[in-house]
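A.B. asks: sequence first, then the predicted structure:
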Amino acid sequence: MDNDKLSSKTAGKPIRCRAAVSRQPGEPLVIEEITVAPPGAYEVRIRIICTSLCHSDIIVWKLKVPPACFPRILGHEAIGVVESVGENVEEVKEGDTVIPTFMADCGDCADCRSKKSNLCSKLPFGVKPWMPRNDTTRFTDLNGEPLYHFLFVSSFSEYTVVDVAHVVKIDPAIPPNRACLLSCGVSTGVGAAWRTANVEAGSTVAIFGLGSIGLAVAEGARLCGATRIIGVDLNPEKFEIGQRFGVTEFVDSSSCGDKSVSQVINEMTGGGADYCFESVGLSSLVQEAYASCRKGWGKTIVLGVDRPEAQLNFNSLEVLHSGKTITGSLFGGIKAKSDIPILLKRYVDKELHLDEFVTHEVKFEDINKAFNLLIEGKCIRCVIWMDK
């Protein structure tokens, strides 16, 4: 359907469309008709082309305590076409191809203007069930009951409404089933190596967990010129997969005998890795990654999402004496509106590997199959097509 004709018919009006609604924790999503309200001020209504499933969707889908809330439209890794825009939206227009992102990039606040941070202070990150500026929803079911948002994106719907600060305009010629990966996972991992850690050429990197985020960290470290990229995982089959993304060595954390993983890595590297990345979401692994870092300049970067109540425990004297650094990395430290176009260009130039991340593609009707594939560890990224 011609996008301009569609926009002229629907702009300023509610749209009825299909969405995969999460109504109970851990239960299959229900595909049902919903109503999507027109965009308000600073908002963009997007027709989703395709979306991919991220482990964060699984975590919140299973969650029975806050920030969980139901019914909810999950999904936050996607690409789409602007159907209409609200007041005060100037940087995108109807028909533009865009990537929505869970991190805002307003361009106005001190953080967004600084090169030191990607944590927008005007529209701060949170697992809120609302639009970011006014704590309201743009979704209702056919009974008129509200449906909650997820990570300011909610891409498991044929149409969604996103704040303009969460939208990046891109070249429509780039394959959508590749571009959508930069909406979250690949950008997070590659960015952690590139932007947060600033991995130096010739350095040694250790990555705890070779899921999609860990593999993206390996890809980022490869692009930065790391010489040794050590993957750590319970599944020895991950080494062969990791080699596609630059992993050079592997530690099976279940087969270290009476040694800890950090002891093994310290012995392998002669004193510890220059950079360690925790991408699983376990406080015990964060501490093991920190212990695997080289004294004096080692950096530990935390990417994994742990339980809200999880705590880290470090010996004060060890922190003082070791000279190491530990830091979190939301969205890989990248600024969406300036860095995603750079990553897309590196893909077009055949430098950044995106094709290898997509192991499965399904129709929207089969979205629960995508959940099963990821839960069973059978896919890296599964792309879900809205109309194919």
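C.D. replies: Looks like it arrived, so ask away. As the structure is a computational prediction, the values presented were derived from the model and not from experiment.
A.B. asks: just say helix, strand or coil for Cys276.
C.D. replies: strand (DSSP: H, G, I helix; E, B strand; the rest coil).
A.B. asks: show me what contacts the closest residue to Leu312 other than its chain neighbours?
C.D. replies: For Leu312, the nearest residue in space outside its immediate sequence neighbours is Ser283; the separation is 5.4 Å by CB to CB, 6 or more residues apart in numbering. Backbone N, C-alpha and C define where each C-beta goes, glycine included. By CB atoms under 8 Å, 6 or more residues apart in numbering, the contact list for Ser283 reads Asp306, Ala310, Gln311, Leu312.
A.B. asks: now with 10 Å, please.
C.D. replies: The contact partners of Ser283, by CB atoms under 10 Å, 6 or more residues apart in numbering, come to Val302, Gly304, Asp306, Arg307, Ala310, Gln311, Leu312, Asn313.
A.B. asks: and the closest residue to the third one other than its chain neighbours, what element?
C.D. replies: The reference is to Asp306. Distance criterion CB to CB, 6+ apart; nearest residue to Asp306, sequence neighbours excluded, is Gly281 at 4.6 Å. Counting by DSSP states H and E, no helix or strand carries Gly281.
A.B. asks: the one 3 residues further on now?
C.D. replies: When elements are defined using DSSP H and E, Ser284 is found to belong to helix 283-291.
A.B. asks: tell me the helix or strand right after that helix.
C.D. replies: Using DSSP H and E, the helix or strand that follows helix 283-291 towards the C-terminus is strand 299-302.
A.B. asks: all helices for this protein, in order.
C.D. replies: With helices called from DSSP state H, the chain shows them at 3-10, 55-62, 110-113, 176-179, 185-191, 212-224, 238-243, 261-269, 283-291, 316-322, 336-348, 367-375.
A.B. asks: quick one: which of the contacts of Ser283 is nearest to Val153?
C.D. replies: Nearest to Val153 among these, counting by CB to CB, is Gly304 at 20.3 Å.
A.B. asks: ok, the closest one - contacts?
C.D. replies: Contact analysis of Gly304 by CB under 10 Å, 6+ apart lists 55, 208-209, 211, 213-214, 277-283, 285-286, 289, 310.
A.B. asks: could you turn the buried ones of those into a ChimeraX selection?
C.D. replies: Applying 16 or more other CB atoms under 10 Å to the contacts of Gly304 leaves a buried subset, and the ChimeraX line that selects it is:
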select :55,208,209,211,213,214,277,278,279,280,281,282,283,285,286,289
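A.B. asks: burial count for the nearest residue to Lys324 once chain neighbours are set aside?
C.D. replies: Leaving out its chain neighbours, the residue that sits closest to Lys324 by CB to CB, 6+ apart is Gly298, at 4.6 Å. Applying other CB atoms under 10 Å, we find 24 residues neighbouring Gly298.
A.B. asks: could you do Cys17 as well?
C.D. replies: Residues contacting Cys17 under the criterion other CB under 10 Å number 16.
A.B. asks: hmm, Ala37 and it touching each other?
C.D. replies: No - counting by CB atoms under 10 Å, Cys17 does not reach Ala37; the two are 11.8 Å apart.
A.B. asks: joint contacts of those two?
C.D. replies: The contact sets of Cys17 and Ala37 overlap at Tyr159 (CB under 10 Å, 6+ apart).
A.B. asks: distance of the residue in the chain sticking out farthest from the centre relative to Val264?
C.D. replies: Taking CA atoms, centre = their mean, the residue of the chain most remote from its mean C-alpha position is Asp258, at 35.4 Å. Using CB to CB, to the nearest Å, Asp258 is found at 11 Å from Val264.
A.B. asks: and Trp61, by the same measure?
C.D. replies: Where Val264 is concerned, Trp61 sits at a distance of 35 Å (CB to CB).
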